[in-house]
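Chemist: Here is my input; please provide its structure:
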Amino acid sequence: MKLRSDTVTRGRLMAGARSLWRANGMKEEHFGRPVIAVVNSYTDMVPGHRALDQAASIVKQEILEMGCFAPEFNTIAIDDGIAMGHSGMLYSLPSRDLIADSVEYMCNAHSVDAMICISNCDKITPGMLMAAMRLNIPAIFVSGGPMEAGRSGDQKYDLVDVMVAAGDDSTSDEDLLKMERTACPGCGSCAGLFTANSMNSLAEALGLAMPGNGSVVATHKNRTVLLKNAAKQIVTNAMDYYENGKDNVLPRSIATKSSFTNALKVDIAMGGSTNTILHMLAIANEAGVDLNMSDIDELSRSVSNLCKVSPSADYYMEDLNRAGGIVALMGELDRAGFLQHAVYRVDQMSLKEVLSKYDIMSPKAEKDSISIYYSAPAGKSPQNFNFSSHDTMYHELDKDRIAGCVRDYRNAYSKEGGLAVLFGNLAVNGSIVKTAGVDDSSLFFRGQAKVFESQEDACRAILSKEIAEGDVVIIRYEGPRGGPGMQEMLYPTSYLKAMGLGNKCALITDGRFSGGTSGLAIGHVSPEAAAGGNIAVIKNGDMIRIDIVKRRIEIEVSDQVLSERHTAEKKRNDKTYTPEDRDRDISNSLKLYARNVSSADKGAIRVIS
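Modeler: Got it, this is the predicted structure:
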């Protein structure tokens, strides 16, 4: 295969380009060998990314030692926790497309041959995955790793615990400050199974990242091992593709319908962030894989919930690692007959080989391979900002498949999975709920609607104690088009918990929820209000019925009444399907995003008309 980089490194007419490459540090021996882009997302604004400059240095050195040139560039990265609860969150989901575009632009403009993506949080990993599908050049993903859980004595907690405590009047300022100072004890993506760690785990399950990618904490020295192994692998894959024509190392060869199905089964089995559904739909779209909400609904009915991590339990990513990480979960799914084996992986091993070698429950598990799962947090308080800095090890692994972090099929947390798709006249095209975080008492819920047309108004009402037990809080016009930008709703769900209403109210939105959300929180309602969905015509006092077991979500209003309400709404002319009383400054960049975005059931993908 001809190197893509030959376009800018070969021939007399490219003398000027070669001169610039030399100025970038390219040496004579690099010409004619793959140019491997180090796609980084380092920034001091996101704790999950603040050490990625160190990660990139490790990767670049390894690639250079193997004889290839490794130019680095960075993407933007937005910290959802810092952007949340104010207008900054409007920019979070749209940044996913900017990241995908920037990676495409840089790699195509400079004709690179392959790339290694170093990411960690929220929209950055999905954006890079989307770009990898577009470019379809050899690519591998390696994350910066999860944060250690915060500690205070024997108690462990994370970011969400602080947010709940902040809305709870019974928590003193002194205790809140103590939690604030220790809940996020250093570098890495937040300690629970929020969006960042969910997506880094799914990169493993898709086959685009190597074992341990999602679960080894950022501060452990085994992070360096993972980085070096990923660097070696991308050089191997690039050489195999360009020299030997081995195209099964390409992203689209790896991320097939079977791979997406396996990854979604992992997602459902662990009750990952509901955002994963949004991102997996968008990534599949870029890969040319036909994936829709009905597929996810079907899977959610058959796959059991085999793993729980914060916010759905008192386990954290460090505990999941001790239980064998994502490979261990895949091993349990495989023993239950759920996984499809005819898939390729970026490490060039078959799925059977990976499970045999890395699953801690496998009788053939190799000692050197499963050593990464002994990687423990340092457990120092209050903070350790040093990336890959310690070698603390667990004395033993968590192999308890009856009551441990990861369960076997016979001892599942619940028969059905940790994520579910609900349909009905409130969400004709579907909505998503993290069932792993829903109390059994709330699987059926019926209550009267309290309607809000912004997250801010809903939060004010909750904190002012205007929401009572049995209410269904409706937050609309927060979808991809209506927000615009589809804000995360971690604050209203946290405040409901703080008011003691976590299991006593429901929250429904055409927006989305943080991976840190638990409780009866239903998001991604599609079509969204701004697209004319029925959520736009719900009125205060309407009775709402939610039946998770039957996968239904309904407004108890006749079709005729709904039709009459839509007719009245359309008489608002240019104000049709817009908030009646919301003062929100929308920038031109967000207006452009709103004009070209689908509802959540399509993954909030960009629609080019």
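
Chemist: quick one: low-confidence parts of the protein?
Modeler: Residue ranges of the chain with pLDDT under 70: 381-383.

Chemist: my guess is residue 484 contacts residue 588, does it?
Modeler: No - Residue 484 lies out of contact with residue 588 (C-beta atoms under 8 Å); the separation is 11.4 Å. Quick note: C-beta positions are derived from backbone N, CA and C, even for glycine.

Chemist: Between these two, tell me which one has more neighbours.
Modeler: residue 484 (26 against 7; other C-beta atoms under 10 Å).

Chemist: Give me the contact list for stretch 150-163.
Modeler: Applying C-beta atoms under 8 Å, 6 or more residues apart in numbering, the contact partners of stretch 150-163 are 81, 147, 149, 176, 178-180, 182-185, 190-192, 194, 310-311, 314, 316, 379, 381, 490-491, 494, 514, 516.

Chemist: Just the C-alpha atoms of that stretch, please, in CSV.
Modeler: Taking Å, rounded to 0.1, in the frame of the first residue of the first chain, the C-alpha atoms of stretch 150-163 are listed here in CSV:
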residue,chain,number,x,y,z
GLY,A,150,-11.8,10.5,47.1
ARG,A,151,-11.2,9.4,50.7
SER,A,152,-12.1,10.6,54.1
GLY,A,153,-11.1,8.0,56.7
ASP,A,154,-12.7,4.7,55.6
GLN,A,155,-15.3,6.5,53.4
LYS,A,156,-14.9,6.8,49.6
TYR,A,157,-16.7,9.3,47.4
ASP,A,158,-16.6,11.2,44.2
LEU,A,159,-17.7,14.4,42.4
VAL,A,160,-21.4,13.5,42.5
ASP,A,161,-21.4,13.1,46.3
VAL,A,162,-20.1,16.7,46.6
MET,A,163,-22.8,18.0,44.3
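
Chemist: out of all of them, which strand in this protein is the longest?
Modeler: Longest strand of the chain, by residue count under DSSP state E: strand 444-452.

Chemist: can you give me the strands in the stretch 101-250 of the chain?
Modeler: Applying DSSP state E, counting those that start in this stretch to the stretch 101-250 of the chain gives strands spanning 114-119, 139-143, 150-152, 155-157.

Chemist: just how off-centre is the second one within its chain?
Modeler: Spelled out, it's strand 139-143. Averaged C-alpha coordinates place strand 139-143 at 15 Å from its chain's average position (C-alpha atoms, centre = their mean, to the nearest Å).

Chemist: Residues touching it, excluding its own?
Modeler: With C-beta under 8 Å, 6+ apart as the test, strand 139-143 has contacts from 55, 59, 114-120, 125, 128-129, 132, 189, 200, 203, 208-210, 213-214, 226-227, 230, 233-234, 237, 251, 346.

Chemist: Try it again at 6 Å.
Modeler: Applying C-beta atoms under 6 Å, 6 or more residues apart in numbering, the contact partners of strand 139-143 are 115-118, 120, 132, 200, 203, 208-209, 213, 227, 230, 233-234, 251, 346.

Chemist: now it against strand 114-119, angle please.
Modeler: Calculated by axes from the mean of the first three to the mean of the last three C-alpha atoms, to 10 degrees, strand 139-143 forms an angle of 20 degrees with strand 114-119.

Chemist: Can you mark which positions in the helix or strand just after the longest strand of the chain are buried?
Modeler: Using DSSP states H and E, the helix or strand that follows strand 444-452 in sequence is helix 455-463. The neighbour-count check on helix 455-463 (16 or more other C-beta atoms under 10 Å) flags 455, 456, 457, 458, 459, 461, 462, 463 as buried.

Chemist: What ranges does the stretch 51-200 of the chain have for its helices?
Modeler: With helices called from DSSP state H, counting those that start in this stretch, the stretch 51-200 of the chain shows them at 52-65, 80-83, 92-109, 124-135, 159-166, 173-182, 195-206.

Chemist: quick one, which of the ones you listed is packed in tightest?
Modeler: Each of the helices of the stretch 51-200 of the chain was scored by mean neighbour count; the highest is helix 195-206, a mean of 30, by mean count of other C-beta atoms under 10 Å.

Chemist: Output the contacting helices and strands for that one.
Modeler: Applying 3 or more C-beta pairs under 6 Å, 6 or more residues apart in numbering; DSSP states H and E, we find helix 195-206 packed against helix 257-270, helix 325-335.

Chemist: ok and the shortest one relative to helix 195-206, angle-wise?
Modeler: Read it as helix 325-335. Going by the same axes, to 10 degrees, helix 325-335 makes 50 degrees with helix 195-206.

Chemist: Not counting helix 325-335 itself, show me its contacts.
Modeler: 201, 204-205, 211-212, 214-215, 265, 269, 306-307, 339, 355, 358-361, 373, 406, 408.

Chemist: I am finished for the moment; much appreciated.
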